[in-house]
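Quick one: sequence plus predicted model below, questions after.
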Amino acid sequence: MNLNEWMDSRMKTIVFIGSNEFGTSKEALTIAKQMGYFVVLLTDKSKLMTNNHGFSEVNQIIFMKNLMDEQQVIDRITKLKEEGKHICACLSFIDPFVSYAARISKSVGLAQISVNSLYLMEDKIKVREKLANLPITPFYTAFHFGDSPKVFEMKYKEHFPLIVKPPISNGSKDVLFVNSIEMLEDALILLQKKHPKSSLLIEEYLLGPQFLAEIVVYNNKITVVGIIAQEVIYNGRFIVIGYKFPARVNTDDYKNLCQSISSIVEQTGLTNGSCHVEMKLVQGEWKLIEINPRMSGGVMNRIIEEGTGINLVKEIIKMYLGEEPTLIETRKQYVYARYLTIGSRGKLLKVTGKELALMHDGVKYVYIKPLKGKILSNPYSMGNRYACIIAASESEEKAEAIALAAAKEIKFYLAPI
């Protein structure tokens, strides 16, 4: 590549709004760089501006105190153009910026993503209302600011057990299980304090195996890229610690799931974009837990790529570039991802065993999240998963066995606090 070609490729720019320090959103930055784009990250995290921010794949980080100021973001993109950058895409892989970035993309003349649909998916109460007529919708109601807790509790006491959660949340934060009037009262008080003046979603607790489906819609064509079985633990919060890909689903259940997904996509109006749904199979019927207007975070891209050869993050970026995504499997193997949590609170002294875990035949990836000195605790959200091991094999059982054996190598050493 000569100097002129290098300069031209350097000016082809993708703007990302927000990023986590691990997972899909962080991986998207690296993939965009590998695709040959100049990567710009708009962030409201001032710590990323330091020299050791850990975002070496980003060419330019721009700190903005209020990322939700749409006009300021558009002005900043305009300035990038004036500096010689050819803006090719604007997108986000994290809440609450997904529909927001899609709206800005449309405003500045970039890819036309289904903004209204993505915006709807960001509010769990609005989604329930939109899908109320579909059989995948469980019993639900909403507790609104100003409602009488006592009247509400007496009205719905026959529906226990229930789930209570704010309409805008992610990573299992503030998702509470209640099975009595006392628990419901405590949940309403706690969540009203944390989310003042916000309505709360109350829905029936569903019993059954849980699955996640990654979905891409391009020009109204729906592609179910992968169905993943989830292993969930409950310790006061619901935490997913295991992912099995591809999920074992019989032919009839798979057909019904695809029909359910089609109904959801149609009702929400998604014609261009990506999302993921979490579903439970309850006595032979699919029920929607929730839908999110982005692909899953964490290691989901690596799970799908190991199992199918599809780099889903790359294909979603291509869609935001106005290109048709390529969603063709080039390999088939079973993948198991195991997340590690801890059962006590303390300051991290050290973590050992990563190299030993990587030595297990079939282990594809080992990630240790926290750094020395961080305060760790038992899990109250997905953010409290502190390590992950991914293994792949020719059988589901072997992939899981490999990952679990490798996970035993990882040891966290904590100082009590």
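That came through, no problem. Nothing here was measured: the structure is a model prediction, and the numbers come from that model.

Helix or strand for residue 84, just tell me which one.
Under DSSP states H and E, no helix or strand contains residue 84.

what about it, distance to residue 38?
Residue 84 sits at a distance of 10 Å from residue 38 (criterion: C-beta to C-beta, to the nearest Å). In short, each C-beta sits where N, CA and C put it, glycine included.

Which of these two has more residues huddled nearby?
The neighbour count for residue 84 versus residue 38, taken as other C-beta atoms under 10 Å, is higher for residue 38 (22 against 11).

Just the pLDDT for the nearest residue to the more buried one once chain neighbours are set aside.
In space, and not counting its chain neighbours, residue 38 is closest to residue 13: 4.4 Å by C-beta to C-beta, 6 or more residues apart in numbering. Per-residue confidence at residue 13 stands at 96 (pLDDT).

number of nearby residues for residue 13?
Neighbours around residue 13, by other C-beta under 10 Å: 23.

isn't there a strand covering it?
Yes: assessed with DSSP: H, G, I helix; E, B strand; the rest coil, residue 13 lies in a strand.

all numbers from here: first residue = 30
New numbering, starting at 30: the last item is residue 42.

residues touching it, list them.
Residue 42 makes contacts with 66-69, 109, 114-117, as judged by C-beta atoms under 8 Å, 6 or more residues apart in numbering.

Show me the beta-bridge partners of it.
Beta-bridge partners for residue 42, by DSSP bridges, are residue 67, residue 116.

picking up where we left off before, intersection of neighbour lists for residue 113 and residue 67?
residue 40.

one step back: drop anything exposed from the contacts of residue 42.
66-69, 109, 114, 116-117 (16 or more other C-beta atoms under 10 Å).

if we can go back for a sec, reformat the contacts of residue 42 as CSV; add distance to residue 198.
Formatted as CSV, those follow (distance: C-beta to C-beta, whole Å):
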residue, distance to residue 198
66, 32
67, 34
68, 28
69, 28
109, 32
114, 35
115, 37
116, 31
117, 32
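
At which residues are the strands of the stretch 30-179 of the chain located?
Secondary structure of the stretch 30-179 of the chain (DSSP state E, counting those that start in this stretch): strands located at 41-46, 67-72, 89-92, 115-120, 169-172.

actually the stretch 280-429 of the chain, not the one I wrote
So, for the stretch 280-429 of the chain - with DSSP E, counting those that start in this stretch - the strands run 302-311, 314-321, 363-369, 375-381, 392-397, 404-405, 416-422.

now for the shortest one, which elements pack on it?
This points to strand 404-405. strand 375-381 (3 or more C-beta pairs under 8 Å, 6 or more residues apart in numbering; DSSP states H and E).
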